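Colleague: here is a sequence together with a model predicted from it:
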Amino acid sequence: HVQLQQSGPGLVKPSQTLSLTCAISGDSVSSNSAAWNWIRQSPSRGLEWLGRTYYRSKWSHDYAVSMYSRITITADSSKNQFSLQVNSVTPEDAAVYYCVRATGYGSGWYDYWGPGTLVTVSS
Amino acid sequence: IVLTQSPGTLSLSPGKEATLSCRTSQSLSSSFLAWYQQKPGQAPRLLIYAASSRATGIPDRFSGSGSGTDFTLTISRLEPEDFAVYYCQQYGGSPPCTFGQGTKVEIK
């Protein structure tokens, strides 16, 4: 049974960096059949895919175009976890952030979700 | 790809059948469509993938159908725990995936 446990601050100051980590149990971040995603949810934007990392003989990542200049997703095989960084946050980045496993064909469907981290952007 | 869900809110009594619609702006190849249920304060839960395949542990009162640009989630007999918000999602070959805006199923 896969479990995703999120950690990181829930309060970030404007212009600073949002950093969240997702620890995986029951699967491997290096799995050849899964991708590890970050999705956020806010009342104004709904559910919004931010990006993903995955391993298929080498590490790859994809990011939402709207986030491309500000986002980094990295994986740490030794700790079996993956992380999200969003630079230069603004109040529009306030949301619940989820780490999510995708599996299956195409970009995959999201079968396991972390509990979510409510991120507030405020000075 | 834009996903449009209807209706926005569905008011029904327990035991009734719920029919939720998801229309996509482009035809989805290989029925790359999933449905999720979300209750307040919880993460979304996968119900259906590949348009009509139930996820592990999902009761058979949940069924999905459709292809191309029109997809449907049917809940055959609403149980009290089924009142929630439902989202459709397309997951084509390349990201980004996109979600619909949701349909709220509320108790009448």
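Modeller: Cool, got the structure.

Colleague: quick one: which helix or strand includes the spatially most central residue of chain A?
Modeller: Nearest residue to the geometric centre of chain A (CA atoms, centre = their mean): residue A:38, 2.4 Å. Residue A:38 is part of strand A:34-42, with elements assigned from DSSP states H and E.

Colleague: what is the rounded mean pLDDT of that strand?
Modeller: Strand A:34-42 comes out with an average pLDDT of 97.

Colleague: what does chain B have sitting close to chain A?
Modeller: Near chain A, the residues belonging to chain B are B:30, B:32, B:34, B:36, B:43-46, B:49-50, B:55, B:87, B:89, B:91-99, B:101-102 when assessed by CB under 8 Å from any CB of the partner chain. Backbone N, C-alpha and C define where each C-beta goes, glycine included.

Colleague: show me the contacts for residue 43.
Modeller: Since you didn't name a chain, this refers to chain A. Contact analysis of residue A:43 by CB atoms under 8 Å, 6 or more residues apart in numbering or on different chains lists nothing.

Colleague: not quite, I wanted chain B
Modeller: So residue B:43 contacts A:98, A:113, A:114, A:115, A:116 (CB under 8 Å, 6+ apart).

Colleague: part of a helix, is it?
Modeller: No: Residue B:43: not assigned to a helix; according to DSSP: H, G, I helix; E, B strand; the rest coil it is coil.

Colleague: which residues does the residue nearest to it when sequence neighbours are not counted form beta bridges with?
Modeller: Once flanking residues are discounted, residue B:43 sits nearest to residue A:113: 3.8 Å by CB to CB, 6 or more residues apart in numbering or on different chains. According to DSSP bridges, the partner residues bridging residue A:113 are residue A:100.

Colleague: do you know how far residue A:113 is from residue A:83?
Modeller: Look at residue A:113 and residue A:83: by CB to CB, to the nearest Å, they are 17 Å apart.

Colleague: just checking, residue B:92 touches residue A:105?
Modeller: No: taking CB atoms under 8 Å as the definition, residue B:92 is not a contact partner of residue A:105, at 10.0 Å.

Colleague: spit out the residues that contact the two alike.
Modeller: residue B:32.

Colleague: which of these two has more residues huddled nearby?
Modeller: Neighbour totals were compared for residue B:92 and residue A:105, and residue B:92 leads with 18 against 12 (other CB atoms under 10 Å in any protein chain shown).

Colleague: can you give me every residue that contacts that one?
Modeller: Counting by CB under 8 Å, 6+ apart, residue B:92 has contacts A:106, A:107, B:1, B:28, B:29, B:32.

Colleague: return the residues in contact with the residue nearest to the spatial centre of chain B.
Modeller: Residue closest to the average C-alpha location in chain B (CA atoms, centre = their mean): residue B:35, at 3.6 Å. Contacts of residue B:35 were listed using CB under 8 Å, 6+ apart, and they are B:20, B:22, B:46, B:47, B:48, B:62, B:64, B:73, B:86, B:87, B:88, B:89.

Colleague: still on that earlier bit, write the ChimeraX selection for whichever of the residues of chain B next to chain A are buried.
Modeller: Of those, the buried ones go into a single ChimeraX selection, burial set by 16 or more other CB atoms under 10 Å in any protein chain shown:
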select /B:32,34,36,43,44,45,46,49,50,55,87,89,91,92,95,96,97,98,99,102
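
Colleague: in the chain, which spans are strands?
Modeller: Because you didn't say which chain, this covers chain A. Per DSSP state E, chain A carries strands over the ranges A:3-7, A:11-12, A:18-25, A:34-42, A:46-55, A:59-63, A:71-76, A:81-86, A:95-103, A:109-113, A:117-121.

Colleague: not quite, go with chain B.
Modeller: Under DSSP E, chain B gives strands at B:3-6, B:9-12, B:18-28, B:33-38, B:45-49, B:53-54, B:62-75, B:85-90, B:98-99, B:103-107.

Colleague: good, we can wrap up now.
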